[in-house]
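Q: Pasting a predicted model and its sequence here:
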Amino acid sequence: MTPPIEGNYEARNQFEPIALVGMSCLFPGKTGNQGYWHTLLAGVDRIREIPPGRWRPEDHYNPDPKAPDMVYARRGAFLDPVPFNPSEFGIAPNSLEATDTAQLLGMFAAREALRDAGYAATPDEPGFFLANAPASW
């Protein structure tokens with residue numbers, strides 16, 4: 001984008017067009033772009049029981065929505081395991097424990113969007129920068 005010209009209203013509010021060249025998404029159920037469109041067009045409900053190995057619902061369930069530190073639902077939208085290889089992203093396996101899962105999923109999705117756009121997403125090809133910060137209300 002060209003920097004706006006100081007004091008010129010029209011120049012400040014003109015933006016160069018951009019193109020979305022790749023897409024990637026992570027949703028419960030079928031994975032990837034094809035899975036997204038299938039789920040959307042078929043109207044499939046991907047809400048399900050808590051998968052084994054996530055947590056024990058009986059330890060965290062309370063039907064009272066105001067109960068502190070508890071959940072009042074026994075169902076949710078859960079992602080299936082994502083085939084994440086840290087070495088493909090230059091991440092040492094021993095640092096995974098200290099990395100937010102949302103950042104790892106974001107890197108995976110960004111790489112898949114680059115692949116969908118026709119980029120190999122190798123160290124010699126285009127890359128991405130991903131940052132995450134806590135929100136405060």
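A: Here it is on my side, so go on.
Q: Could you list the low-pLDDT ranges of the protein?
A: Applying pLDDT under 70 to the chain picks out residues 1-15, 18, 20, 120-137.
Q: Name the residue closest to the centre of it, please.
A: Geometric centre of the chain, nearest residue: Gly106, 4.5 Å, by CA atoms, centre = their mean.
Q: Wait, a helix at it?
A: Yes - secondary structure of Gly106 (DSSP: H, G, I helix; E, B strand; the rest coil): part of a helix.
Q: Glu97 and Pro51: what is the separation?
A: Distance of Glu97 to Pro51, computed by CB to CB, to the nearest Å: 21 Å. Just so you know, the C-beta spots here come from the backbone N, C-alpha and C atoms, and that holds for glycine as well.
Q: Between those two, tell me which one has more neighbours.
A: Pro51 (13 against 6; other CB atoms under 10 Å).
Q: give the contact list for that one.
A: By CB atoms under 8 Å, 6 or more residues apart in numbering, the contact set of Pro51 is Phe78.
Q: Can you tell me how far it is from Val44?
A: In terms of CB to CB, Pro51 sits 17 Å off from Val44.
Q: In this structure Phe78 contacts Arg54, no?
A: Yes - counting by CB atoms under 8 Å, Phe78 touches Arg54, with 6.8 Å between them.
Q: If you count surrounding residues, which of the two has more?
A: Phe78 (14 against 10).
Q: State the phi and psi torsions of that one.
A: phi -110, psi 130 (degrees, to the nearest 10).
Q: Now do the contacts for it.
A: 28, 48, 50-51, 54.
Q: quick one: what helix or strand has the closest residue to Glu88 other than its chain neighbours in it?
A: For Glu88, ignoring the flanking residues on the chain, the nearest one in space by CB to CB, 6 or more residues apart in numbering is Arg111 at 7.7 Å. Taking DSSP states H and E as the criterion, Arg111 maps to helix 101-116.
Q: Can you report how many residues lie near Thr101?
A: By other CB under 10 Å, neighbour count at Thr101 equals 11.
Q: Ok, Asn85 next?
A: Using other CB under 10 Å, Asn85 is surrounded by 9 other residues.
Q: quick one, phi/psi of it?
A: Dihedral angles for Asn85 - degrees, to the nearest 10 - are phi -110, psi 110.
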